[in-house]
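Peer 1: starting from these lines, generate the structure:
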Amino acid sequence: MQLETRNRFLILRLSASICGEKLFFMKPTPDSGQFKPGRKRRFFWRLLALLLVAFLTYCGLLYQRIAQQSRVDEARPADVIVVLGAAEYGGKPSPVYRARLEHAAELFEKGLAPFVITSGGTGGEVSFSEGQVGRDYLAEHGIPESQLIAETQSHDTNESAQRVAAIMRENGMKSCIAVSDDYHMYRVKKMLEAQGVVVYGSPRLESRPVSWVEHTKMIGEEVFKYILWKLHLS
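Peer 2: Have a look, this model is predicted:
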């Protein structure tokens with residue numbers, strides 16, 4: 001009787017030992033398809049590095065396109081000349097704005113378009129808008145008022161593009177020569193094209209020499225502003 005009891009006890013221990021070994025071998029191993037915490041971190045950093053490289057590559061290509069557009073004058077016959085606004089002081093255009101307006105006047109005198117639209121809202125001064133100041137300046141310099149249109153409500157480049165495009169549609173105009181600074185031209189063209197307008201860029205002449213460092217900085221800022229516009233964040 002004691003021998004039988006002892007044999008049963010040994011059999012139970014042997015069974016428990018075997019079951020324990022089975023359970024041990026059923027535990028996940030490093031090769032079972034599950035990520036260790038270290039592998040997860042490495043995967044995350046590699047993915048982040050890949051996204052960063054892709055973003056920097058896009059920025060580099062965009063920088064190149066903006067720089068190329070800044071060196072091109074596409075002036076040719078169109079329905080209207082569009083002058084993007086800049087600062088004005090007490091009803092007088094700033095030097096930058098004046099240079100844009102004078103360039104537009106030259107294009108008008110060459111007969112490249114029968115109308116000129118000046119664009120820009122009030123900015124810092126409530127009494128004057130960039131669009132109206134530009135219109136008055138061109139009228140004083142010989143362009144007939146009947147051939148001048150002022151857009152006076154916009155507060156940034158994108159809003160200017162939208163409002164100018166609306167004016168053009170109302171007047172049956174489909175193409176324009178856009179006048180602004182060279183580094184600004186790529187973004188201006190893309191914004192107007194997004195409104196269905198055929199655009200030819202014609203940057204104003206620089207009133208003073210601009211260093212390579214300064215020009216690079218301005219184009220870099222345009223890269224940032226263009227990306228914000230594409231992401232609908234501006």
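
Peer 1: the protein: strands as residue ranges?
Peer 2: 80-84, 88-89, 92-93, 116-119, 148-151, 175-179, 198-201 (DSSP state E).

Peer 1: buried sites along the lengthiest helix in the chain?
Peer 2: Longest helix of the chain, by residue count under DSSP state H: helix 37-70. Judged by neighbour count using 16 or more other CB atoms under 10 Å, the buried positions of helix 37-70 are 62, 63, 66, 67, 69, 70. For the C-beta atoms, the positions are set from N, CA and C on the backbone; glycine is no exception.

Peer 1: please name the nearest non-neighbouring residue to the fifth one.
Peer 2: It stands for residue 69. Of all residues not flanking residue 69 in the chain, residue 186 sits nearest, at 4.1 Å (CB to CB, 6 or more residues apart in numbering).

Peer 1: for the second one, same thing?
Peer 2: In this structure, residue 63 finds its nearest non-sequential neighbour in residue 223, 5.3 Å apart by CB to CB, 6+ apart.

Peer 1: surely that neighbour meets residue 64?
Peer 2: No: counting by CB atoms under 8 Å, residue 223 does not reach residue 64; the two are 10.0 Å apart.

Peer 1: that older thread, output the strands of the chain as TSV; include the columns mean pLDDT, mean neighbour count and distance to residue 105.
Peer 2: As requested, those are exported to TSV (pLDDT from 0 to 100; neighbours: other CB atoms under 10 Å; distance: least, CB to CB, whole Å):
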stretch	mean pLDDT	mean neighbour count	distance to residue 105
strand 80-84	98	29	9
strand 88-89	92	19	17
strand 92-93	94	18	12
strand 116-119	98	28	8
strand 148-151	98	22	11
strand 175-179	98	24	10
strand 198-201	98	18	17
